[in-house]
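Undergrad: Whatever this is, show me its structure:
(one chain, ligands or ions: 1)
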Amino acid sequence: MKTPKLWSGRFAGTVDELVDRVNASIDFDRRLYREDIRGSVAHVRMLARQGIIGASERDQLVDGLGQVLREIESGELAFQQKLEDIHTHVEVRLHEICGSVAGKLHTARSRNDQVALDSRLYTKRATLDLADELTTLVEALLTLAETHCDTVMPGYTHLQRAQPVSVAHHLHAYVEMFQRDLGRFADAFERMDRMPLGAGALAGTTHPIERRSVAAELRFASVTANSIDSVASRDYALELMSAAAICGAHLSRLAEEIVLWVSQEFAFAELDDSVCTGSSMMPQKKNPDLAELVRGKAGRLGGNFLALFVTLKGLPLAYNKDLQEDKEPLFDTVDHLGMCLQSMTLMLQHLRFRPERLRQALVQGFLGATDLADYLVARGVPFREAHEVIGTLVRTCIAEGLTLEELPLERFRALSPAFEASLFDALDPAQMLAARTVEGGPAPVRVAKALELSRAQLAARVSELTSWRATRLASLASFE
Ligand code: ARG
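TA: Prediction:
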């Protein structure tokens with residue numbers, strides 16, 4: 001090769017240094033070296049099967065690619081900006097190792113379908129890795145929830161104490177959200193599992209290649225159906241980033257609740273020292289930084305999604321260099337969502353609820369008000385009228401600094417003769433919880449069943465992910 005550039009033939013003069021600098025993607029796409037080399041090996045083998053290259057050429061190329069892989073793994077191969085991207089680095093080094101036969105590697109291939117392949121191989125694995133982290137998190141949530149089916153806590157609307165729920169029921173709400181996130185990752189995985197190589201620059205190739213065996217070797221479910229779409233589309237990455245952003249939003253809500261719960265104002269829970277940090281100035285501080293960071297990172301996950309979304313919007317077919325901008329936000333999302341999922345799991349393993357504080361909050365917030373209205377309704381009072389009566393009682397209590405259970409029976413009866421001493425049972429927190437047996441409601445029996453069902457759903461998801469890992473991910477380190 002006369003110059004390290006893969007496209008120097010057409011160019012008489014040298015290219016401005018700024019062009020090299022802006023054009024280069026090696027600083028970030030080096031991360032794709034395993035995918036790139038594995039894809040090249042599959043391509044070379046297919047070229048030989050089809051008689052496009054000879055068997056000994058194939059062996060030289062595959063051995064050479066193996067050596068490049070080892071050199072990158074060991075840090076021997078130095079990356080340099082003038083070699084533009086990972087594809088160029090691999091090919092140039094292969095040329096140094098094998099000589100001119102290296103020039104046959106790129107037969108019937110363009111960097112456009114090559115990068116599409118690398119990126120799909122990467123995204124498939126990243127999707128399963130994130131899904132795995134998420135199953136671990138759901139597992140931690142379920143384990144915590146299972147010990148708290150009878151632990152009453154105030155449920156909120158508008159961040160105002162509203163009605164009693166249990167800690168288990170509250171946590172199970174997140175289990176449901178995260179299970180849907182898992183479903184979104186799984187759906188995205190199914191759709192991204194198509195092999196794009198063979199699309200060439202955009203219009204396929206005149207060489208007698210065969211795509212399906214490459215797909216099989218690389219463990220893709222099938223091949224892409226349109227060569228233009230193969231090189232032009234990145235919605236598989238966008239889908240992962242969208243699912244990641246939604247998951248990030250769910251994580252941020254849970255993180256925010258942890259921040260609130262461990263504050264002195266709420267004091268509903270405690271986080272172990274091992275997952276908190278201190279202040280450099282205020283010796284008394286114990287801060288939930290990890291929760292705050294998980295809350296904060298939802299911003300970058302949403303931002304990453306938006307960055308690629310806007311890049312794709314209005315882009316004419318087929319490949320455009322704009323598409324190189326897909327990688328940094330994608331990698332960032334994969335890295336940071338992974339960290340958030342691990343951090344949340346760790347916090348849940350070190351979060352201790354304070355049942356006595358939760359119970360206290362229940363008494364002070366008039367959380368039995370709806371139950372008391374329902375008590376009157378059960379005795380024939382129309383709901384609107386009952387609502388009015390209880391509203392008046394609450395106002396009285398506030399004025400006199402009392403809770404509902406501290407008000408004497410005569411005061412109740414003065415407003416409605418339907419009240420009897422049994423009203424105080426209706427105000428018992430355990431009673432209030434047990435009475436909410438509606439499907440999807442917080443009664444301990446219901447929640448225990450819901451948690452059981454979630455465990456079963458999670459187990460099914462885990463076995464699906466395990467089988468996908470075994471059958472639908474190419475091993476990148478060895479060329480079996
Ligand atoms: N670095 C490029 C990317 O990430 C690889 C494909 C380059 N293709 C090309 N025709 N210049 O998209």
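Undergrad: residue in the stretch 301-450 of the chain nearest to the ligand?
TA: Nearest residue of the stretch 301-450 of the chain to the ligand (Cβ to the nearest ligand atom) works out as Gln324 at 3.6 Å. The way it works is simple: take the backbone N, C-alpha and C, and place the C-beta from them, glycine included.
Undergrad: quick one: contacts for that residue?
TA: For Gln324, the contact set (Cβ atoms under 8 Å, 6 or more residues apart in numbering) comprises 25, 29.
Undergrad: For it, grab phi and psi.
TA: phi -60, psi -20 (degrees, to the nearest 10).
Undergrad: Tell me how far it lies from Leu433.
TA: Using Cβ to Cβ, to the nearest Å, Gln324 is found at 55 Å from Leu433.
Undergrad: got it, and Ser56?
TA: The gap separating Ser56 from Leu433 is 75 Å, by Cβ to Cβ.
Undergrad: which of these two has more neighbours?
TA: Just comparing Ser56 and Leu433: by other Cβ atoms under 10 Å the higher neighbour count belongs to Leu433, 26 against 10.
Undergrad: so that one touches Thr151, yeah?
TA: No. If you go by Cβ atoms under 8 Å, Leu433 and Thr151 don't touch, sitting 9.5 Å apart.
Undergrad: For the residue nearest to the spatial centre of the chain, which residues are in contact?
TA: Centroid-nearest residue in the chain, with Cα atoms, centre = their mean: Ala244, separated by 3.7 Å. Counting by Cβ under 8 Å, 6+ apart, Ala244 touches 130, 301, 304-305, 333-334, 337.
Undergrad: Same question for Ile53.
TA: 44, 47, 61, 104, 107.
Undergrad: Take those residues and keep only those in helices.
TA: Those of the contacts of Ile53 mapping onto helices are 44, 47, 61, per DSSP state H.
Undergrad: need those in CSV with pLDDT and neighbour count, can you?
TA: Formatted as CSV, the ones in helices among the contacts of Ile53 follow (pLDDT from 0 to 100; neighbours: other Cβ atoms under 10 Å):
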residue, pLDDT, neighbour count
Val44, 98, 25
Leu47, 98, 25
Leu61, 98, 25
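Undergrad: would Ser280 count as being in a helix?
TA: No. Judged by DSSP: H, G, I helix; E, B strand; the rest coil, Ser280 forms no part of a helix; its state is coil.
Undergrad: Burial check on it, number of neighbours?
TA: Ser280 has 7 neighbours, counted by other Cβ under 10 Å.
Undergrad: What separation do you get for it and Ser274?
TA: To Ser274, Ser280 is 19 Å away according to Cβ to Cβ.
Undergrad: what comes up buried for the host helix or strand of Ser242?
TA: Applying DSSP states H and E as the criterion places Ser242 in helix 235-261. Residues 236-248, 250-252, 254-255, 257-261 are the ones in helix 235-261 that count as buried (16 or more other Cβ atoms under 10 Å).
Undergrad: Past that helix, which element shows up next along the chain?
TA: The helix or strand immediately downstream of helix 235-261 is strand 269-271, counting by DSSP H and E.
Undergrad: which strands and helices sit next to that next one?
TA: Contact here means 3 or more Cβ pairs under 8 Å, 6 or more residues apart in numbering; DSSP states H and E; on that basis strand 269-271 packs against helix 235-261, strand 351-353.
Undergrad: what is the rounded mean pLDDT of the longest one?
TA: The reference is to helix 235-261. Confidence over helix 235-261 (mean pLDDT, whole number) is 98.
Undergrad: and the residue in the stretch 151-300 of the chain that the ligand sits nearest to, how many neighbours?
TA: Nearest to the ligand, among the residues of the stretch 151-300 of the chain, is Ala201, at 6.9 Å (Cβ to the nearest ligand atom). Residues near Ala201, counting by other Cβ under 10 Å, number 15.
Undergrad: so how far is Arg109 from it?
TA: Taken as Cβ to Cβ, the span from Ala201 to Arg109 is 9 Å.
Undergrad: on that earlier part again, which of the helices and strands packed on strand 269-271 sits closest to Leu317?
TA: For Leu317, the closest of those is helix 235-261, at 13.3 Å, according to Cβ to Cβ.
Undergrad: so, in contact with the ligand or not, that closest one?
TA: No. Counting by Cβ under 6 Å from any ligand atom, the ligand is not contacted by helix 235-261; separation bottoms out at 11.5 Å.
Undergrad: Can you name the residues of the stretch 101-250 of the chain that neighbour the ligand?
TA: Residues of the stretch 101-250 of the chain lying close to the ligand (Cβ under 6 Å from any ligand atom) are 111-112, 115.
Undergrad: Out of these, the closest to Met192 would be?
TA: For these, the residue nearest Met192 by Cβ to Cβ is Val115; the value is 14.6 Å.
Undergrad: which residues in the stretch 251-400 of the chain form helices?
TA: Assigned by DSSP state H, counting those that start in this stretch, the stretch 251-400 of the chain shows helices spanning 289-312, 327-349, 355-364, 369-378, 383-400.
Undergrad: distance between the ends of stretch 265-273?
TA: 19 Å (Cα to Cα, to the nearest Å).
Undergrad: For that stretch, list every residue counted as buried.
TA: 266, 268-271.
Undergrad: buried stuff in the longest helix seen in the chain?
TA: Ranked by residue count under DSSP H, the longest helix found in the chain is helix 111-146. By neighbour count with 16+ other Cβ under 10 Å, helix 111-146 contains the buried residues 111-135, 137-142, 144-146.
Undergrad: same check, this time on stretch 32-49
TA: For stretch 32-49, the neighbour count (16+ other Cβ under 10 Å) marks 32-48 as buried.
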